[in-house]
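K.L.:
Next one to model:
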Amino acid sequence: MSRTPLLLSLTVLLLALWAQTALAASPWEPVQHSRTAVDLPTDQPYASYWFPNDLLTWSPASDPDAAFNRSHTPLRDRFLSPETQVNAHARPLEAGISPLSIFGATSFNPSQGSLGMDFYSFNYWQYTDVLVFWGGSAGEGIILAPNPGVTDAAHRNGVPVLGTVFFPPTAYGGDIQWVWDLVQRDGALYPVADKLIEVAEYYGFDGFFINQETAGGNSALAGQIVDFMKYFQDNSDLEIMWYDAMTESGSIYWQERLNSTNDSFFQDGPDLVSESMFLDFGWSATDLTSSRSYANNLGRSEFDLFAGVDVQANGYNSYVNWNSIFPENQAHVTSLGLYVPSWTFHGASDMEDFYDRANRLWVGASRDPS
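P.N.:
Predicted coordinates:
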């Protein structure tokens, strides 16, 4: 398949930057814009996004952009050795780091870049264990597949990439029917799960981050989500990261820890439900130590839990009780999740400012990783 050569103006990138900046008003505010496809080149391929029922009608054969959204870079083995660590606090096989990063707007996000240089380019793969391609919009689509360039770069560095399934709060346009649509059944099958698997395997990324924050659910829906995720596990080698928001009663109530109200989304008896859980931002030291014990009692590693830190608004100026996660001269308590460290880009005044912010956030104010 070929496409006519095009000269893509910076309009598309400015549009993506506008949508990213708009998101800063609230962590879960939907990404929307007023531009339409009429304003943009018709032969530019874009990254994929869907609502659950729309995904059921998708196929690579009928999607003209599908071939341009494939990553062909296999996930390399991660090179981990104590001898390579320049900082004594960095210990292989203990805590990992997972950034939830915004790489562009939900719609009109170029599949493989454009002629403009202004795009979030992440360079700190050595500090990253799993990357979440974060986004979604109640006005456009809530299921996102990563750009293949992001997956290519991550895989070359041994980092798996997760797409996003984002059910926004009702205040930001969430509709509980979309959650029911996700878990719809056809006999013993979960058709949307089958499509999520097909998308990830065809496009070459590694699974999904599932964030269910829409109010109006009940215990029956919560149970269906657990069964849906177990079905996903049984029928693929892909990963799920679950966000701590929905409880087993169906209500939205952030626990900030792993406990008896949310553990079935993580581990259900002998059945693995999600490979990891992202704990909401309000955790305390007690929450994390109890979560570690709870995970161990389930036969799971504490490092499958990512203590969330919201850096979207203030970046490296955000307060973090580091000793609660990484106590001095002790084993790490949990892993670390960073919400929108791409703040370094969409909060920057220009590209030089972006690189300065990124270097400080990932390496430190002294610029000395040791």
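
K.L.:
element containing the residue nearest in space to the middle of the chain?
P.N.:
Centroid-nearest residue in the chain, with CA atoms, centre = their mean: V132, separated by 2.6 Å. Element membership of V132 [criterion: DSSP states H and E] is strand 131-133.

K.L.:
Quick check: can you name the pairing partners of that strand and their directions?
P.N.:
Strand 131-133 has its sheet partners listed here by DSSP bridges as strand 97-101 (parallel), strand 161-167 (parallel).

K.L.:
now R300: how far from S335?
P.N.:
12 Å (CB to CB, to the nearest Å). All C-beta spots, glycine's among them, are computed from the backbone N, C-alpha and C.

K.L.:
out of those two, which sits in the more crowded spot?
P.N.:
S335 (24 against 19; other CB atoms under 10 Å).

K.L.:
List the beta-bridge partners for the more buried one.
P.N.:
Beta-bridge pairing for S335 (DSSP bridges): F306.

K.L.:
Would you check that it makes contact with T128?
P.N.:
No. The criterion here is CB atoms under 8 Å, and S335 misses it with T128 at 11.4 Å.

K.L.:
can you tell me the helix or strand for L338?
P.N.:
Element membership of L338, judged by DSSP H and E, is strand 335-339.

K.L.:
Which other helices and strands does that strand contact?
P.N.:
strand 97-101, strand 276-279, strand 305-310 (3 or more CB pairs under 8 Å, 6 or more residues apart in numbering; DSSP states H and E).

K.L.:
most tightly surrounded among those?
P.N.:
strand 276-279 (a mean of 26; mean count of other CB atoms under 10 Å).

K.L.:
Need the contact partners of it.
P.N.:
Residues outside strand 276-279 that contact it (CB atoms under 8 Å, 6 or more residues apart in numbering): 98, 100, 130, 209, 239-244, 255-258, 262, 265-266, 287-288, 291, 304-308, 334-335, 337.

K.L.:
repeat that for 7 Å
P.N.:
Residues outside strand 276-279 that contact it (CB atoms under 7 Å, 6 or more residues apart in numbering) are 241-244, 256-258, 266, 291, 304-308, 337.

K.L.:
Relative to it, what are the paired strands and their orientations?
P.N.:
Assessed with DSSP bridges, strand 276-279 is paired to strand 239-243 (parallel), strand 305-310 (parallel).

K.L.:
what's the following helix or strand after the longest one?
P.N.:
Moving toward the C-terminus from strand 305-310, the first helix or strand encountered (DSSP H and E) is helix 322-325.

K.L.:
for the chain, where's the lowest mean pLDDT among helices and strands?
P.N.:
The weakest-scoring helix or strand in the chain, judged by mean pLDDT, DSSP states H and E, is helix 11-22 (a mean of 35).

K.L.:
Could you figure out how far the strand holding L338 is turned away from strand 239-243?
P.N.:
Comparing the axes of strand 335-339 and strand 239-243 via axes from the mean of the first three to the mean of the last three CA atoms, to 10 degrees yields an angle of 70 degrees.

K.L.:
Give the rounded mean pLDDT of the very next helix or strand once past strand 335-339.
P.N.:
Using DSSP H and E, the helix or strand that follows strand 335-339 towards the C-terminus is helix 343-346. Mean pLDDT, helix 343-346: 95.

K.L.:
That's all I had, so thanks and see you.
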